[in-house]
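> no letters, just coordinates:
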């Protein structure tokens with residue numbers, strides 16, 4: 001696919017479209033119980049959230065949050081519309097968020113909590129597995145706790 005992806009900051013008017021894309025990734029990548037958690041995140045927990053667009057169509061989203069006085073940047077709630085999986089858009093959205101976090105002087109470490117269903121994707125994008133916790137997100141959705149390897153090119 002030769003479409004150019006644009007990444008911009010999330011606007012609350014994007015909420016319904018972003019929620020619909022999220023639901024398209026349930027139950028393959030997210031548990032049903034996470035739909036409400038994600039909606040709550042969009043309502044009140046966003047620190048910085050981005051949408052990825054192609055020709056005005058939202059094709060994915062992903063955010064970052066902070067911990068430990070902004071020394072840890074945490075990747076949060078990232079996903080791509082299923083019909084665009086495998087096109088490289090997810091990697092571009094991950095790179096955008098990593099670059100954003102690297103631009104913040106206080107951030108010393110970039111962390112990510114994902115599941116067994118997507119951790120290989122994040123490994124390809126420079127993250128290293130630190131710990132696995134069974135059924136953490138929901139039944140059959142384990143936590144794969146990962147850290148970005150700053151040496152990754």
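Structure's in. What do you need? A quick note: this is a predicted structure, and the numbers were derived from the prediction, not measured.
> residue ranges with poor pLDDT in this protein?
1-2, 151-153 (pLDDT under 70).
> just the strands from it, written as ranges.
5-9, 48-54, 57-67, 72-80, 109-114, 127-138, 141-148 (DSSP state E).
> look up how far residue 88 lies from residue 31.
26 Å (Cβ to Cβ, to the nearest Å). (Glycine included, C-beta is placed from N, CA and C.)
> sorry, back to before: select, out of the strands of the chain, the one closest to residue 92.
Of all the strands of the chain, strand 5-9 sits nearest to residue 92, with 5.4 Å by Cβ to Cβ.
> what comes into contact with that closest one?
Strand 5-9 has contacts (Cβ atoms under 8 Å, 6 or more residues apart in numbering) with 48-54, 59, 89, 92-93, 96.
> nearest to residue 23, of the residues you listed?
Set against residue 23, the nearest of those by Cβ to Cβ is residue 59 (14.6 Å).
> what is the neighbour count of that closest one?
By the measure other Cβ atoms under 10 Å, the count of residues near residue 59 is 22.
> circling back to that earlier point, for the contacts of strand 5-9, give me TSV that also has distance to residue 131.
Output for the contacts of strand 5-9, formatted as TSV (distance: Cβ to Cβ, whole Å):
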residue	distance to residue 131
48	25
49	26
50	27
51	30
52	29
53	34
54	35
59	31
89	28
92	27
93	24
96	26
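> one step back: of residue 31 and residue 88, who's got more company?
More crowded of residue 31 and residue 88, by other Cβ under 10 Å: residue 31, with 16 against 11.
> max-length helix in the chain?
helix 89-102 (DSSP state H).
> how about the contacts made by residue 63?
Remark: with contacts taken as Cβ under 8 Å, 6+ apart, residue 63 is in contact with 10, 41, 46-50, 75-78, 97.
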